[in-house]
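Visitor: What shape does this take:
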Amino acid sequence: MATIRFITVGTLKEDYLRAAVSEYEKRLSGFCRVEQVNLKEAKLPQDPSESEIKRALDEEAKQIIAAMPDKSYKIAMCVEGNQYDSPELAAVFDKAFQSANELCFVIGSSHGLSNEVKSRADLKLSVSKLTFPHQLMRVLLIEAVYRCMSITKGTKYHK
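Guide: Numbering: from 1, shown residues only. Have a look, this model is predicted:
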């Protein structure tokens with residue numbers, strides 16, 4: 001059975017967001033194994049400088065890279081990434097599963113991902129040009145992944 005791993009930096013604080021992620025994890029479990037790896041966000045001062053942000057991203061990168069399986073298809077969530085509609089993204093995932101038995105999604109902290117993490121990704125993905133709260137991005141991503149898996153498997157979820 002294929003695996004989808006979500007590596008995220010920071011914690012979900014709101015109960016309703018945790019409940020939404022849990023619901024989509026349950027739904028996805030019918031298609032694949034789901035793994036959540038939650039990493040600690042680097043501490044920053046109230047108004048961090050660019051160098052402090054870079055240091056924090058580099059610190060987070062060490063944790064992220066250690067959690068990314070070597071043979072997985074790695075997908076970095078970043079604003080400069082490619083955008084797809086749901087059927088296109090389902091085709092990308094289907095093709096990725098042909099070369100790897102695991103998809104690994106990486107969501108960085110509210111400051112994003114280091115260039116090192118992005119350079120190790122097989123795909124840079126953006127859900128939208130719109131800005132969303134960082135924690136809500138987890139819900140949007142897991143729903144999009146579930147939708148893509150349902151398209152691939154031919155269920156009626158996608159309309």
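
Visitor: quick one: buried residues of the longest helix seen in the chain?
Guide: Using DSSP state H to define each element, the chain has its longest helix at helix 134-153. Buried residues in helix 134-153, counting neighbours by 16 or more other CB atoms under 10 Å, are found at 134-135, 137-139, 141-152. Quick note: C-beta positions are derived from backbone N, CA and C, even for glycine.

Visitor: these two touch, right, A56 and S109?
Guide: Yes - the criterion here is CB atoms under 8 Å, and A56 meets it with S109 at 7.2 Å.

Visitor: Mutual contacts of these two, please.
Guide: 41-42 (CB atoms under 8 Å, 6 or more residues apart in numbering).

Visitor: Need the contact partners of the longest helix of the chain.
Guide: Contacts of helix 134-153 (CB under 8 Å, 6+ apart): 4, 6, 8, 10, 12-14, 17, 20-21, 24-25, 27-28, 31-32, 77, 86-87, 89-90, 93-94, 103, 105, 107, 109-110, 127, 132, 156-158.
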